[in-house]
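Asker: structure, please.
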Amino acid sequence: MFIIRKIWAVLTLPLLVLTLLTSPVAKSTETAELVSKDTFVFEKALLMGQGIATDGEYYYTSGAIAALDLTALAKFTFDDMELVDTHINPLPDECTDRDDDHIGGISVYNGKIYASVEDSDEYLSPCIVVFDCKTLEATGEIYDLPNNIYDDGVPWCAVDGETGLLYTSKWNDINTIYVYDTADSMSFVKEIPLTETIHRIQGGEFYNGTLYLSNDIEDNGNYKNILSVDIETGKVDIAAVRDVGGDNIEAEGITFYPAEDGSVMHVLDYNKVIGIFVHHYKTGFAQ
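Answerer: Numbering: from 1, shown residues only. The predicted structure is shown next:
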């Protein structure tokens, strides 16, 4: 197995070099200082095109390629993003039997990965599926969400580590965020009306009590927003604007944890032609 991996690494090295030379170049902005980036191609890219989360020891990622009938979870070291473990098509039969085929954004809490899951066609069965951080195996916890609310799927979820409450929304035309209790079988807690309607939310995570959302805004050139949401008032603000280097980049998941290089905010971006980038940032609001 070691020899096969070494051969595969040699074969993929030219593509990785080409990617680094030809890929869009993300840049720092006044509100998001780009410290470093990691680039992934081929099989690693398939494992991480949707969500990212961290517990400070590992990064966890999710991937979904409907055309390949593939979903995935993966685990990478936090310090250098070396691949540790993978689970291809990890969704339990209860999900796949009803055509759930997409894992979106993820969040890590109390040794578990909370994943937003949907069918990518009619969005009839949106749900939260829970996996074990150690094994990447499903725990058996599947929590269905009402499809009349999540009528275009459930693209993200974020667990507040202080309260154990899970927050999520639909994908587009969002004027409400919904809150559930992970300690009580994902029972509904409350709605948070937002002060403005937001669109195309791909990932979410908490940091210092504030909910931050990765916003894949369209028709804005190279720029993508990180939104902040005050969970007490529903007030929405632009916390940071990122220059991702090209208008063909799709903003995906987001997570926070202080790294040795000084970065705190880590955002996964997807170039469907080339591969996956994880951009690591310093920001004024996340110290």
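
Asker: give the contact list for residue 194.
Answerer: 174-177, 229, 234, 236 (CB atoms under 8 Å, 6 or more residues apart in numbering). All C-beta atoms are positioned from the backbone trio N, CA, C, and that covers glycine.

Asker: again, but for residue 127
Answerer: Neighbour list for residue 127: 95, 100, 117-118, 142-145, 154 [criterion: CB under 8 Å, 6+ apart].

Asker: for the helix or strand harbouring residue 180, list the C-alpha coordinates in CSV.
Answerer: In this assignment (DSSP states H and E), residue 180 forms part of strand 174-181. Taking C-alpha atoms only, strand 174-181 is exported to CSV below (Å, rounded to 0.1, in the frame of the first residue of the first chain):
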residue,chain,number,x,y,z
ILE,A,174,-33.1,33.1,3.7
ASN,A,175,-34.9,35.3,6.2
THR,A,176,-34.9,32.8,9.1
ILE,A,177,-32.4,30.6,10.8
TYR,A,178,-33.7,27.6,12.7
VAL,A,179,-32.2,26.3,16.0
TYR,A,180,-32.3,22.7,17.3
ASP,A,181,-31.0,21.0,20.5
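
Asker: so where is the stretch 151-287 of the chain shaky, pLDDT-wise?
Answerer: Applying pLDDT under 70 to the stretch 151-287 of the chain flags residues 273.

Asker: narrow the contacts of residue 127 to just the buried residues.
Answerer: Listed as buried from the contacts of residue 127 are 95, 100, 117-118, 142-143, 145, 154; burial here means 16 or more other CB atoms under 10 Å.

Asker: now, among these, which is nearest to residue 272?
Answerer: Comparing these against residue 272 with CB to CB places residue 118 closest, at 19.2 Å.

Asker: let's have the buried ones among the contacts of residue 127 in JSON lines, adding secondary structure and distance to residue 260.
Answerer: What follows is those, written out as JSON lines (DSSP: H, G, I helix; E, B strand; the rest coil; distance: CB to CB, whole Å):
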{"residue": "95", "secondary structure": "helix", "distance to residue 260": "38"}
{"residue": "100", "secondary structure": "coil", "distance to residue 260": "38"}
{"residue": "117", "secondary structure": "strand", "distance to residue 260": "33"}
{"residue": "118", "secondary structure": "strand", "distance to residue 260": "36"}
{"residue": "142", "secondary structure": "strand", "distance to residue 260": "37"}
{"residue": "143", "secondary structure": "strand", "distance to residue 260": "36"}
{"residue": "145", "secondary structure": "coil", "distance to residue 260": "38"}
{"residue": "154", "secondary structure": "coil", "distance to residue 260": "34"}
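
Asker: which one of those is nearest to residue 84?
Answerer: residue 117 (22.7 Å).

Asker: list the contacts for the nearest residue to that closest one once chain neighbours are set aside?
Answerer: Of all residues not flanking residue 117 in the chain, residue 129 sits nearest, at 4.8 Å (CB to CB, 6 or more residues apart in numbering). Neighbouring residues of residue 129 by CB under 8 Å, 6+ apart: 91-92, 95, 103, 114-115, 117, 138, 141-143.

Asker: element containing residue 129?
Answerer: Here residue 129 is assigned to strand 127-132, by DSSP H and E.

Asker: partner strands of that strand, with direction?
Answerer: If you go by DSSP bridges, strand 127-132 pairs up with strand 112-118 (antiparallel), strand 138-144 (antiparallel).

Asker: tell me the angle the first one makes with strand 174-181.
Answerer: Regarding strand 112-118 and strand 174-181, their directions subtend 140 degrees when assessed with axes from the mean of the first three to the mean of the last three CA atoms, to 10 degrees.

Asker: for the stretch 51-200 of the chain, which segments count as strands?
Answerer: Assigned by DSSP state E, counting those that start in this stretch, the stretch 51-200 of the chain shows strands spanning 51-54, 58-65, 70-77, 83-88, 102-109, 112-118, 127-132, 138-144, 157-159, 165-168, 174-181, 187-198.

Asker: before we move on, back to that, nearest to residue 221 among the contacts of residue 129?
Answerer: residue 103 (29.1 Å).

Asker: quick check: mean pLDDT across the strand holding residue 129?
Answerer: Taken as a whole, strand 127-132 has an average pLDDT of 98.

Asker: got the angle between that strand and strand 102-109?
Answerer: If you take the same axes, to 10 degrees, strand 127-132 sits at 50 degrees to strand 102-109.
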